[in-house]
Structure formats: structure tokens, C-alpha cells
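Participant: Model the following, please.
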Amino acid sequence: MFAIIGIVTVFVAVLSGFLMEKGHIAVLLQPAELLIIAGAASGTVLVANPLRVLKAIAAALVGALKGSPFTKDRYLSTLKMMYQFLNKVRKEGLLAVEMDVEKPAESAVFKEYPEFLSDHHALDFVCDTLRTAITGGVEPFDMDQMMELDMEVHHHAAMQPADSLTTVADSLPGFGIVAAVLGVVITMGALGGPPDEIGKHVAAALVGTFLGILLCYGVVGPLSANMRKIAEEENEYLHVLRVLLLSFLKGSAPMIAIEMARRAIPAYVRPSFDEMETTCKNRVAPAAAEEAAA
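Facilitator: From the prediction side, this is the model:
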């Protein structure tokens, strides 16, 4: 949402300043210049990236416009889910959650958290780790190495859309110059004609340079930076899950593992200990009450 507001602010500020200087908006409406710049930029994206990266760019753009999903509420929900899950493991053993990790869409635990269930990367990260732990024979150090490797591979893939869009942003001023040069060529062909006709061709050529620079620094560049930040936040989220799982696999109690994970959460979205404890214990209170009654 803030990305959309930012883009609108850029255009409003630029156009407002242009109008304050008695400029005419109609002069900036140059479809041919926009076609040259946008078409050439789109072509470079197609040339430079395979289909999988193109799909990732589209998905990352949608994510950037919607905003980062890794909020304090998302972290609290994840800690709450993992506390419930780890308590089940502690009481019934790892084999009790085998079906949960094999078929997470049918898991009674995961189904209560649709946001996590729809995040395939995080879901696979947790389930694959627990599946390996259930298999047995893997030391915590080796498990940590596997999780770190998984994170590195995923982070590299997550950064590709942002890197590709950064390349496009860097090329936009150049395409603006291409459009301007073509405009100058047309202007030279019109020499000897009416002065107002020559002026229109010069204005169109300059608009090409203007559009290239504006789209680079006002739209595409900031969007690629936003996508990069979201990819970094996703990596931080996976790191929290890594800390939590490793702590539990080393023998820590569920609440200790949850607290270890809480301290790995970035400070600007980290819940307090009281928030974490209240959220987690409220979730398991009914189950605890049933066991006490039995």
C-alpha cells in the first residue's frame, strides 16, 4: 500500500511543479516516446530472464505493492503455532507429528494458520526439517547446516527478481536517450518547416529523456529496492524458524525454544516476552484444561 502511495506522490509532485511553472500537461503526453522506452525495457526483461524469473518478478511486484507480510502479528502467530506443535511433539514424540509434516494441508495444527500454510517456502522449511528429524540419525549441527544451506539457496532465488528489476531501472535513462535521439532525428527532418512544428518535435524528444529518468528513479528503482527489502525480511523470518527448530532439536523445552526464536526476531517487529507468553499459553490453555480434567 505504501508503495502505491509513494508512486502516486512522485507523479503528483512532478506534475504539480510542472503546472506551477505554467507548463501544459498535453505536452507530456507522448505515446510514441513511452512506447519506445517501455517496449525496449520490457524486451530487455524478456531477453535477460528465463520464464521462472519472469513469474517471480510478477509475484514480487504484487508483493511489493501489497507490502511486507512479516509483521509483528505474523511472528506472534508463527510462535503460537510452533509452541502448539512442539508441545505435541514433547508429549507424544516426533512420530506423532509424522502425518502433520507429510500432509501439512490436512494437519489439524497447520490448518488453524492459513497464512503460514499458504507460505510454501516457510512450510517446506519447517516440514522438511522435522521430516529429517523424524528419520533420525542426524546431529543438531548437521541439521543446522542443512537449514542454513536451504536458506542460502532460497535467498539467492528470492533476490533474482529484484536484481533483474534493478538492471531494468539502470537501463531506463539510456532508453530515454534513445527515444530523445530518435526525436532529434525527426526534428532534423522537419527543419525548414513551421517553427511551431519544430518546437513540438523538440519537446517530444526531451519528454523521452524525462520519462526515462522519471521511471528509473521514481518507479522501477524504488520498486526493486522494496522487493529486495521484502526478500531480506523473508530470510530473517526463516532464520527465526531455524533458531526455534534447532533449539528444540537440541533438547530445549518448547517455551525456551520459542523464547530463543523471539530474540532472533528483528527489533522493529519483535513482540515483548509478555505478548509472546500470553499469545502462546492462551492457545494451549483449553488442551491443558482437558488433560487436567481427565
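
Participant: what number of residues lie near Y113?
Facilitator: Around Y113 there are 19 other residues, counting by other CB atoms under 10 Å. To be clear about C-beta, it is placed using only N, CA and C from the backbone, and glycine gets the same treatment.

Participant: Under the pLDDT cut-off, which ranges of the protein? List them.
Facilitator: Along the chain, the model assigns pLDDT under 70 to residues 283-294.

Participant: where do the helices sit along it?
Facilitator: Shown for the chain, the helices assigned by DSSP state H span residues 2-20, 25-28, 31-48, 51-66, 72-92, 98-102, 114-117, 120-135, 140-189, 195-215, 221-249, 254-264, 273-293.

Participant: Give me the angle between the fourth one and helix 31-48.
Facilitator: Per axes from the mean of the first three to the mean of the last three CA atoms, to 10 degrees, the angle that helix 51-66 makes with helix 31-48 is 130 degrees.

Participant: got the helices of the chain as JSON lines, with distance to A108 columns?
Facilitator: Supplementary listing: the helices of the chain in JSON lines, determined by distance: least, CB to CB, whole Å:
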{"stretch": "helix 2-20", "distance to A108": "36"}
{"stretch": "helix 25-28", "distance to A108": "58"}
{"stretch": "helix 31-48", "distance to A108": "44"}
{"stretch": "helix 51-66", "distance to A108": "29"}
{"stretch": "helix 72-92", "distance to A108": "9"}
{"stretch": "helix 98-102", "distance to A108": "8"}
{"stretch": "helix 114-117", "distance to A108": "12"}
{"stretch": "helix 120-135", "distance to A108": "15"}
{"stretch": "helix 140-189", "distance to A108": "25"}
{"stretch": "helix 195-215", "distance to A108": "49"}
{"stretch": "helix 221-249", "distance to A108": "20"}
{"stretch": "helix 254-264", "distance to A108": "17"}
{"stretch": "helix 273-293", "distance to A108": "11"}
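
Participant: could you dump those to TSV with mean neighbour count?
Facilitator: Shown next, in TSV, are these (neighbours: other CB atoms under 10 Å):
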stretch	mean neighbour count
helix 2-20	12
helix 25-28	12
helix 31-48	15
helix 51-66	15
helix 72-92	19
helix 98-102	16
helix 114-117	14
helix 120-135	17
helix 140-189	17
helix 195-215	18
helix 221-249	20
helix 254-264	19
helix 273-293	13
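
Participant: Spit out the contact partners of the closest residue to S171 other than its chain neighbours.
Facilitator: Nearest residue to S171, sequence neighbours excluded (CB to CB, 6 or more residues apart in numbering): T44, at 5.9 Å. T44 makes contact with 167-168, 171, according to CB atoms under 8 Å, 6 or more residues apart in numbering.

Participant: Now do the same contact list for the residue lying closest to L117 once chain neighbours are set aside.
Facilitator: Spatial nearest neighbour of L117, excluding adjacent residues (CB to CB, 6+ apart): F110 at 5.1 Å. By CB under 8 Å, 6+ apart, F110 lies in contact with 81, 100, 104, 116-117, 123.

Participant: Equivalent analysis for S42, please.
Facilitator: Per CB under 8 Å, 6+ apart, neighbours of S42: none.

Participant: please renumber so the chain begins at 46
Facilitator: In the new numbering, first residue 46, that becomes S87.

Participant: Return the distance of it relative to N271.
Facilitator: Distance, S87 to N271, using CB to CB, to the nearest Å: 20 Å.

Participant: and the contacts of T89 as JSON lines, adding distance to I231?
Facilitator: Below are the contacts of T89 laid out as JSON lines (distance: CB to CB, whole Å):
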{"residue": "T212", "distance to I231": "29"}
{"residue": "V213", "distance to I231": "26"}
{"residue": "S216", "distance to I231": "23"}
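
Participant: Report the contact partners of the spatially most central residue of the chain.
Facilitator: Centroid check for the chain by CA atoms, centre = their mean gives I275 as the closest residue, at 3.6 Å. The contact partners of I275, taken as CB under 8 Å, 6+ apart, are 105, 108-109, 113, 115.
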